[in-house]
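Engineer: Okay, predicted coordinates and the sequence, questions at the end:
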Amino acid sequence: LTMDYGKYQYKVICEDKAHYHFVRGWLEKKGGHRRVSCWGKLPHSGSGKKFVQKNFDEAFQKVRQLSSRAKTFLIVIVDADNLSIDEMLSTFDNREEDFVFIIIAKWSIDTWARFLTDPESSEDRLDESKSYKMKYRENTKFTQLGKQLADMEMTSSSAFPASLWSSYTRVKDKKKFLKL
């Protein structure tokens, strides 16, 4: 089964433009980009993670109401920073229902940018316990990285950063997303 991404609406709650464009690029490649919007106004300063955590409950309730009649998904994309993936997930009270997809990059999405812009980097060269934050922002087009990830065949956990693989498997395990 292949999902027709164009039939659904997507609300993205995220820390910043890089996160939003990463998800939008992925959806664009899958055909669902025309129906994607950002939840609220992205913060220009302060903690993006706090913005996501503060607005999650409201977004969750609203999308829950919409999802039954308008086939709407809530995509949460956030950086774990110094927390583990499990610790970050617990901040959302483990409310990953069928309409909610929580994507968590360890330290920052810049870790995934490094992996995607330097495919030769191996696990020992890409250290997810180290922050790459802001090292890839200036010259990186996160929309292109999202598209690039959508084109990749994700079959082996050893070929990907652990946080990316963890997010992928949580999303893949959703019954509505049988084929990514």
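Structural biologist: Perfect, I can see it now.
Engineer: Name the SS class of Ala18, please.
Structural biologist: Ala18 carries the three-state label helix when classified by DSSP: H, G, I helix; E, B strand; the rest coil.
Engineer: and it, what does it touch?
Structural biologist: With contact set as CB atoms under 8 Å, 6 or more residues apart in numbering, Ala18 has these partners: Ile109, Asp110, Ala113, Arg137, Thr140, Phe142. For every residue, glycine as well, the C-beta is placed using N, CA and C.
Engineer: now swap in Phe142 and tell me
Structural biologist: Taking CB under 8 Å, 6+ apart, we find Phe142 in contact with Lys17, Ala18, His19, His21, Phe22, Gly25, Ile109, Ala113.
Engineer: Going through those residues, which ones are buried?
Structural biologist: A residue is treated as buried here by neighbour count (16 or more other CB atoms under 10 Å); on that basis the buried members of the contacts of Phe142 are Lys17, Ala18, His19, His21, Phe22, Gly25, Ile109, Ala113.
Engineer: now the first one, nearest residue through space, not along the chain?
Structural biologist: What sits nearest to Lys17 in space, not counting adjacent residues and going by CB to CB, 6 or more residues apart in numbering, is Leu42, at 6.2 Å.
Engineer: now do the third one
Structural biologist: In space, His19 comes closest to Ile77 once its chain neighbours are excluded; the distance is 4.5 Å by CB to CB, 6+ apart.
Engineer: Check the average confidence over the helix or strand containing the one you found, would you?
Structural biologist: Counting by DSSP states H and E, the element that carries Ile77 is strand 72-79. Averaged across strand 72-79, pLDDT comes to 93.
Engineer: do stretch 117-127 as well
Structural biologist: Confidence for stretch 117-127, expressed as mean pLDDT, is 67.
Engineer: i'd like the first residue to be 33 from this point on
Structural biologist: Sure thing, new numbering starts at 33, so read that last one as stretch 149-159.
Engineer: what's the longest helix along the chain packed up against?
Structural biologist: When the chain is parsed with DSSP state H, its longest helix is helix 80-102. In terms of contact count using 3 or more CB pairs under 8 Å, 6 or more residues apart in numbering; DSSP states H and E, helix 80-102 is assigned the packing partners strand 41-46, strand 104-111.
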